[in-house]
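[1] Return atomic coordinates for the entry below.
(one chain, ligands or ions: 1)
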Amino acid sequence: MIIANWKANGNLSSNLAWHKEFVEIFIDNNFSDIGIAPSNIHFTQLQELFKNLNLKIGLQDIDFNGGARTGSISPSMASDAGCDFTLIGHSERRDLFKEDNTVIKAKIHAAINHQINPILCIGESEECSKAGKTRDFLKNQLITALSEIDVKDQVVIAYEPIWAIGSGNTPTPKDINSIHEFIKDVVQSSSANNTEPKVLYGGSVNNKNAEEFFNEKSIDGALVGGASLSANQFADIVKIYRKVKIK
Ligand code: 13P
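    Next up is the predicted model:
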């Protein structure tokens, strides 16, 4: 699966142009392996543009509850609006909006209870990576966010090292693969039904480096930020993914 995270980018006319350019590139128009998480305010626009094309439209975050929570999107609103998936725990949410693992766990619960597929984002800082503590850190993020959650196929993990986001720096494909194996192992051994999750990689993925990543067995797809803002470049990444993974 390839997911575009548009963050706080886009506007009504640029989204329209993006859609036009994107659909013109593909002949078959089966987009079931692609997701877009636009801003909340553009969710319905994207849903309308891509209707009947099977492309998943998700949110970048949801709240764990509704009611007196100014500025929030409640889980029931999201599911009522037809939200297919939601990112949860993106490092920008953790850092800028001070979300901790307890809040993130509540959001995962809320998403699952409302039939919205959660994509749990985890990743270590540069400091943590340099100190050789990445695995311990990720394990803690996984265990605290997923405890008491019946991990089934719908939980996807996105590994996004914070230092790789928007920086042009990435771990080597082999290093990412090895971390993904570790993530699968941690989730599988703590899940009641032995489910192995899909693990996406995010952090400076573009149309030049995507192939090296997708060649690795345990890299199941990508969560793409900056490069997804260009329809053309995002389409390239989708094509590379299909060539390598779907054959
Ligand atoms: P970039 O692809 O811009 O590094 O962003 C990654 C990301 O944060 C996706 O969620």
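
[2] Next, the contact list for whichever residue of the chain sits closest to the ligand, please.
    With CB to the nearest ligand atom as the measure, G225 is the residue of the chain nearest to the ligand, at 2.3 Å. For the C-beta atoms, the positions are set from N, CA and C on the backbone; glycine is no exception. Counting by CB atoms under 8 Å, 6 or more residues apart in numbering, G225 touches 5, 7, 165-166, 202.

[3] how about those residues in JSON lines, adding distance to H114 and neighbour count?
    JSON lines is the format used below for these (distance: CB to CB, whole Å; neighbours: other CB atoms under 10 Å):
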{"residue": "N5", "distance to H114": "20", "neighbour count": "26"}
{"residue": "K7", "distance to H114": "23", "neighbour count": "17"}
{"residue": "I165", "distance to H114": "28", "neighbour count": "20"}
{"residue": "G166", "distance to H114": "30", "neighbour count": "13"}
{"residue": "G202", "distance to H114": "24", "neighbour count": "25"}
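
[4] In a markdown table: those residues, plus pLDDT.
    Listed next are these as a markdown table, based on pLDDT from 0 to 100:
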| residue | pLDDT |
| --- | --- |
| N5 | 98 |
| K7 | 98 |
| I165 | 97 |
| G166 | 96 |
| G202 | 98 |
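
[5] Within reach of the ligand, which of those residues are there?
    The subset of the contacts of G225 lying close to the ligand, counting by CB under 6 Å from any ligand atom, consists of 5, 165-166, 202.

[6] Out of these, name the ones that lie in strands.
    Taking DSSP state E as the definition of strands, those contribute 5, 202.

[7] mind listing the helices for this structure?
    Using DSSP state H, the helices assigned to the chain run over residues 12-25, 43-49, 75-80, 91-96, 101-113, 126-130, 134-146, 173-190, 210-214, 231-241.

[8] Does the longest one reach the ligand?
    When you say that, I think you mean helix 173-190. No - using CB under 6 Å from any ligand atom, helix 173-190 stays clear of the ligand, with a minimum separation of 13.3 Å.

[9] CA-only coordinates of that helix in PDB, if you can.
    This file holds the C-alpha atoms of helix 173-190, laid out as PDB (Å, rounded to 0.1, in the frame of the first residue of the first chain):
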ATOM      1  CA  PRO A 173      17.100  -0.200   2.800                       C
ATOM      2  CA  LYS A 174      18.700  -3.100   4.700                       C
ATOM      3  CA  ASP A 175      18.500  -1.300   8.000                       C
ATOM      4  CA  ILE A 176      14.900  -0.400   7.400                       C
ATOM      5  CA  ASN A 177      14.100  -4.000   6.500                       C
ATOM      6  CA  SER A 178      15.700  -5.200   9.700                       C
ATOM      7  CA  ILE A 179      13.700  -2.700  11.800                       C
ATOM      8  CA  HIS A 180      10.500  -3.800  10.000                       C
ATOM      9  CA  GLU A 181      11.300  -7.400  10.800                       C
ATOM     10  CA  PHE A 182      11.700  -6.400  14.400                       C
ATOM     11  CA  ILE A 183       8.400  -4.400  14.400                       C
ATOM     12  CA  LYS A 184       6.500  -7.400  12.900                       C
ATOM     13  CA  ASP A 185       8.000  -9.700  15.500                       C
ATOM     14  CA  VAL A 186       7.100  -7.400  18.400                       C
ATOM     15  CA  VAL A 187       3.500  -6.900  17.200                       C
ATOM     16  CA  GLN A 188       3.100 -10.600  16.300                       C
ATOM     17  CA  SER A 189       4.400 -11.900  19.600                       C
ATOM     18  CA  SER A 190       2.200  -9.500  21.600                       C
END
